[in-house]
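Q: the following block contains a protein sequence and its predicted model.
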Amino acid sequence: MIGVLVVEDEEITAEAHRIYVGRVPGFTVAGVVRSGGEALRFLGHTRADLLLLDLYLPDMHGLEVCRAVRAGGLPCDVIAVTSARDLEMVRSAVSLGVAQYLLKPFTFATLQEKLLRYARFREEAGEIVGQGDVDRVLGALRGTSALPKGMAQDTLDAVAAGLRGCPDGLSAQAVGLATGVSRVTARRYLEYLVEIGAAVRLPQYGGVGRPELLYRMPMRS
């Protein structure tokens, strides 16, 4: 489970964020605090994998909390939460290694997407052996990789999830049945995953005629 520390000074908003996080599979609320100082004291004795961090806190700015976390070598990532539409603020957050940036107000679906992207980032950030691995991992976190025309991120995520669930590999037909798309569509997405280094293509011999192609996630040493 990924432990999330909610850092939010408004009581009703903090409770909403706590409920939202608790509804996302694979995540648990490590704690809820109302100020930057409380957050740093909490992290001094309790581990949290991720901060859901409001930037406007009563005692210090959220970016100061980020700086203290980095300076202290604390092993946690940050999703910044703010109502500020300020490009310089975004740049400062990125420079401090903020993983995601959420603008208030946001819906449960928006937060869920950010958390699931973060979970995929953690899952896929194993050994980096090539540029394809770097692009795949960063794309999972930030969702910035441009897909070919006509391809949808939700479908790509579903196809990739199907492969992760079957380490022995799946055919395009099996992936299509599992995700509700045609075999031709499934193959297009699978070939794209092969192209970016997120999947490998394997021929399966056994019958008469051409071998069937299986696709699976690459093995990690």
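A: Now that the structure is in, tell me what you want to look at.
Q: surely A30 meets L5?
A: Yes: the criterion here is CB atoms under 8 Å, and A30 meets it with L5 at 5.0 Å. C-beta here means a position set from N, CA and C on the backbone, and glycine is covered the same way.
Q: joint contacts of the two?
A: Contact criterion CB atoms under 8 Å, 6 or more residues apart in numbering; residues shared by A30 and L5: A48.
Q: neighbour count: these two, which is higher?
A: More crowded of A30 and L5, by other CB atoms under 10 Å: L5, with 24 against 21.
Q: doesn't the more buried one fall inside a helix?
A: No: going by DSSP: H, G, I helix; E, B strand; the rest coil, the assignment for L5 is strand, not a helix.
Q: list the contacts for it?
A: Contacts here follow CB under 8 Å, 6+ apart; on that basis L5 touches 29-33, 39, 42-43, 48, 50-52, 76.
Q: could you do A84 as well?
A: Applying CB under 8 Å, 6+ apart to A84 gives the contacts 55-56.
Q: all strands for this protein, in order.
A: All strands of the chain, identified by DSSP state E, fall at 2-7, 27-33, 50-54, 77-82, 100-103, 200-204, 212-216.
Q: any idea how this structure splits into domains?
A: The chain is divided into the following domains under automatic domain parsing: 2-123, 146-216.
Q: longest helix in this structure, by residue count?
A: When the chain is parsed with DSSP state H, its longest helix is helix 108-124.
Q: circling back: now the domains of the chain as JSON lines including mean pLDDT?
A: As requested, the domains of the chain are exported to JSON lines (pLDDT from 0 to 100):
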{"stretch": "domain 2-123", "mean pLDDT": "89"}
{"stretch": "domain 146-216", "mean pLDDT": "83"}
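Q: deepest-packed of those, please.
A: domain 2-123 (a mean of 17; mean count of other CB atoms under 10 Å).
Q: so who does A93 touch?
A: 55, 63, 66, 80, 101.
Q: any chance of these in TSV, with distance to Y192 too?
A: TSV is the format used below for these (distance: CB to CB, whole Å):
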residue	distance to Y192
L55	36
L63	37
C66	35
A80	31
Y101	27
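Q: if we only consider these, which is nearest to S171?
A: Y101 (39.1 Å; CB to CB).
Q: how close does the closest residue in space to that closest one that isn't next to it in sequence get to R67?
A: Sequence neighbours aside, A80 is the residue nearest to Y101 in space, at 5.1 Å (criterion: CB to CB, 6 or more residues apart in numbering). The spacing between A80 and R67, counted by CB to CB, to the nearest Å, is 13 Å.
Q: again with Q100
A: Counting by CB to CB - Q100 and R67 are separated by 18 Å.
Q: picking that back up, so can I have a markdown table of the contacts of L5 showing distance to T185?
A: Shown next, in a markdown table, are the contacts of L5 (distance: CB to CB, whole Å):
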| residue | distance to T185 |
| --- | --- |
| V29 | 38 |
| A30 | 40 |
| G31 | 44 |
| V32 | 43 |
| V33 | 46 |
| A39 | 45 |
| F42 | 47 |
| L43 | 45 |
| A48 | 40 |
| L50 | 34 |
| L51 | 39 |
| L52 | 36 |
| C76 | 39 |
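Q: all helices in this structure, in order from the N-terminus.
A: Taking DSSP H as the test, the helices found in the chain are 11-22, 36-45, 62-71, 87-95, 108-124, 131-142, 153-164, 172-179, 183-195.
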